[in-house]
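whatever this is, show me its structure:
(one chain, ligands or ions: 2)
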Amino acid sequence: MTPFNRRAGLLHCEDVALDAIARDFGTPTYVYSSAGLSAAYQAYDQAFAGHEHLICYAVKANSSLAILNLFAKLGAGFDIVSGGELARVLAAGGDPAKVVFSGVGKTAAEMEAALAAGIHCFNVESESELARLNAVAGRLGKVAPVSFRVNPNVDAKTHPYIATGLKENKFGIAYDDAPRLYREAAGLANLRVVGIDCHIGSQLTESSPFGEALDKVLDLVDRLAADGVVLAHIDLGGGLGVRYKDETPPAMSEYAGVLLSRLAGRTQKLVLEPGRSLVANAGLLLTKVEYLKHGEAKDFAIVDAAMNDLMRPSLYDAWHDVQPVRERSAIARRYEIVGPVCESGDFLARERDLALAEGDLLALLSAGAYGMSMSSNYNTRPRAAEVLVAGGNAVLTRRRERVEDLFSDEIVPA
Ligand SMILES: Cc1ncc(COP(=O)(O)O)c(C=O)c1O
Ligand SMILES: N[C@@H](CCCC[NH3+])C(=O)O
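Ligands and ions are numbered 1, 2, ... in the order given. Below you'll find the model as predicted:
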């Protein structure tokens, strides 16, 4: 199911034509579908209905308050990796008791904020972090709920930049150190051991690595239980892939089957931290063709969005489908879709056959995840606006940045 559809040759988000969004809110603009976001969340919730579960949306994938609020209303928890993300979740009406806090570099101030908010669990990623958390909690007279993020050394078979579960990655504690560290944690006065966690990577297109990782985690759970450490939850992270082009990620039923078959008869709650699979295909980036430039070797469509708005193509050579908002019957040419930023790496799509004219609107699909949240102001470019569509309604959920905003915190020395 896609929330984006073509009617009489014109691309729509739900019941709103994208040219109307461009007219009302300008370009570049990220456009999200409420129905698409809700359906993605409900697919998880329903697939795991047979086992106690908590779906903690990974805020980093798209941290828009409007999207966090939508997921909070559907009952989601949140996976955060900074004090900033915690503040966003709270501002969006998220329940702190459903928040898990991941990340290798939590500061004392971030720990204090999360303890004050009363989060569900700290996913501890090192022995030093464990000691720091115990000290911070002690100073505040609190007991911190903890799980260890273990590194199961499983190959996620994804892009090397987004694999996180191998021995050489910076994430988590070594699998073999887990029994010792759990024993240490159990002896610390201001910590309460509640779970175990792992996250092996992002954009996984096969289900077997999830099964392999869970098998390793369950083996540890059993060894810990024999050691007297009883865990209340198992957090398997996020990572389920989506289709950008021709990938065939596991269907939700297959993914759930792989996990639930292994959890049958176990009492631990299952926690998941999906990011991309909840938002990627519910969002697109709407942009306008500023110039067509028929170069010596290549034809360029220079659009008003750039690598600062969507850096996935530059960073990972990622592929996003490009659709004209209004189809033209002219003959297509092979275009490089590039932005105005002064980098040869500033491309959004390569070698796309399109019939274009200057002023045309284009949609870059599957841009809901790691699009806006990874955007920057490089070249002093204000970040894009964001619009949330529900049925026939399009609402501005983030005003386009203004140039003055970009240097309002800067100081010219006297
Ligand atoms: C700890 C953790 N949890 C969850 C996620 C979300 O991953 P994805 O967007 O691939 O579902 C990430 C990002 O890879 C992560 O680092
Ligand atoms: N930023 C990456 C995913 C990284 C996942 C975060 N651990 C992407 O755009 O695909």
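
show me what contacts the residue in the stretch 1-150 of the chain that ligand 2 sits nearest to?
Across the stretch 1-150 of the chain, no residue is closer to ligand 2 than residue 60, which sits at 5.9 Å (C-beta to the nearest ligand atom). Using the backbone N, CA and C atoms, a C-beta is placed for each residue, glycine as well. If a contact means C-beta atoms under 8 Å, 6 or more residues apart in numbering, then residue 60 has 81, 85, 275, 370, 373 as its contacts.

closest residue of this structure to ligand 2?
Sorted by distance to ligand 2 under C-beta to the nearest ligand atom, the residues of the chain start with residue 370, at 3.0 Å.

and for that residue, the neighbour number?
By the other C-beta atoms under 10 Å criterion, the neighbourhood of residue 370 contains 24 residues.

again, but for residue 278
Neighbour count for residue 278, taken as other C-beta under 10 Å: 29.

same deal with residue 316?
Neighbour count for residue 316, taken as other C-beta under 10 Å: 14.

check the gap between it and ligand 1 for me.
Summarising the geometry, the distance separating residue 316 from ligand 1, computed by C-beta to the nearest ligand atom, to the nearest Å, is 13 Å.

would you map the strands across the stretch 151-300 of the chain?
173-174, 191-197, 233-235, 269-272, 283-294, 299-303 (DSSP state E, counting those that start in this stretch).

and the residue of the stretch 1-150 of the chain closest to ligand 2, what's its pLDDT?
Among the per-residue scores, residue 60 holds a pLDDT of 98.

and for residue 385?
Reading off the per-residue confidence, residue 385 sits at a pLDDT of 99.

same deal with residue 167?
Reported pLDDT for residue 167: 68.

up against ligand 2, what does the chain have?
Within the chain, the positions lying close to ligand 2 (C-beta under 6 Å from any ligand atom) are 60, 162, 202, 203, 312, 370, 374.

residue 325: which of those is nearest?
residue 312 (20.8 Å; C-beta to C-beta).

about what we covered before: now render the contacts of residue 60 as TSV, adding secondary structure and pLDDT.
Rendered in TSV, the data for the contacts of residue 60 read as follows (DSSP: H, G, I helix; E, B strand; the rest coil; pLDDT from 0 to 100):
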residue	secondary structure	pLDDT
81	coil	98
85	helix	98
275	coil	98
370	coil	98
373	helix	98
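
hmm, which two among these are most spread apart?
Those two in the contacts of residue 60 that are separated most widely, counting by C-beta to C-beta, are 85 and 370, at 14.1 Å.

what ranges do the helices span in the stretch 201-350 of the chain?
Remark: helices of the stretch 201-350 of the chain, listed N- to C-terminal, are 208-226, 252-263, 276-279, 312-316; assignment by DSSP state H, counting those that start in this stretch.

mean pLDDT added to the ones you listed, as a markdown table?
Output for these, formatted as a markdown table (pLDDT from 0 to 100):
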| stretch | mean pLDDT |
| --- | --- |
| helix 208-226 | 96 |
| helix 252-263 | 98 |
| helix 276-279 | 98 |
| helix 312-316 | 97 |
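
just name the most buried of the ones you listed.
Comparing the helices of the stretch 201-350 of the chain by mean neighbour count (mean count of other C-beta atoms under 10 Å), helix 276-279 comes out on top with a mean of 28.

ok, is that helix in contact with ligand 1 or not?
Yes - applying C-beta under 6 Å from any ligand atom, one finds helix 276-279 touching ligand 1 at 276, 277.

helix, strand, or coil at the closest residue to residue 76 other than its chain neighbours?
The spatial neighbour of residue 76 that comes closest, neighbours along the chain excluded (C-beta to C-beta, 6 or more residues apart in numbering), is residue 57 at 4.9 Å. Here residue 57 is recorded as strand under DSSP: H, G, I helix; E, B strand; the rest coil.

likewise for residue 30?
Each residue gets one of three states, and residue 30 gets strand by three-state DSSP.

so it sits right up against residue 283, yeah?
Yes - here residue 30 lies in contact with residue 283, judged by C-beta atoms under 8 Å, at a distance of 5.9 Å.

between those two, which contacts overlap?
Counting by C-beta under 8 Å, 6+ apart, the common neighbours of residue 30 and residue 283 are 367, 368, 371.

quick one: which of those is nearest to ligand 1?
Looking at these and their distance to ligand 1, the nearest is residue 368, at 10.9 Å (C-beta to the nearest ligand atom).

give me the phi and psi for the closest one.
The phi and psi values for residue 368, taken as degrees, to the nearest 10, are phi -70, psi -20.

circling back to that earlier point, ok so the residue of the stretch 1-150 of the chain closest to ligand 2 is a helix residue?
Yes - residue assignment for residue 60, taken from three-state DSSP, places it within a helix.

measure it to residue 20 for me?
Computed with C-beta to C-beta, to the nearest Å, the distance linking residue 60 and residue 20 is 31 Å.

next: residue 338.
For residue 338, the distance to residue 20 - C-beta to C-beta - is 26 Å.

if we can go back for a sec, for the strands of the stretch 151-300 of the chain, which one ends up most surrounded?
Of all those, strand 233-235 has the most neighbours on average by mean count of other C-beta under 10 Å, namely a mean of 25.

pretty sure residue 147 sits in a strand.
Yes - applying three-state DSSP, one finds residue 147 inside a strand.

ok, now which ones touch it?
Shown in contact with residue 147 (C-beta under 8 Å, 6+ apart): 100, 121-124, 193-197, 231, 233, 235.

ok, now residue 368?
Here residue 368 is in contact with 30, 32, 36, 37, 61, 62, 279, 280, 281, 282, 283, 284 (C-beta under 8 Å, 6+ apart).

could I get those as TSV with distance to residue 144?
Conversion of the contacts of residue 368 to TSV gives the following (distance: C-beta to C-beta, whole Å):
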residue	distance to residue 144
30	36
32	35
36	36
37	32
61	26
62	28
279	29
280	33
281	36
282	34
283	35
284	40
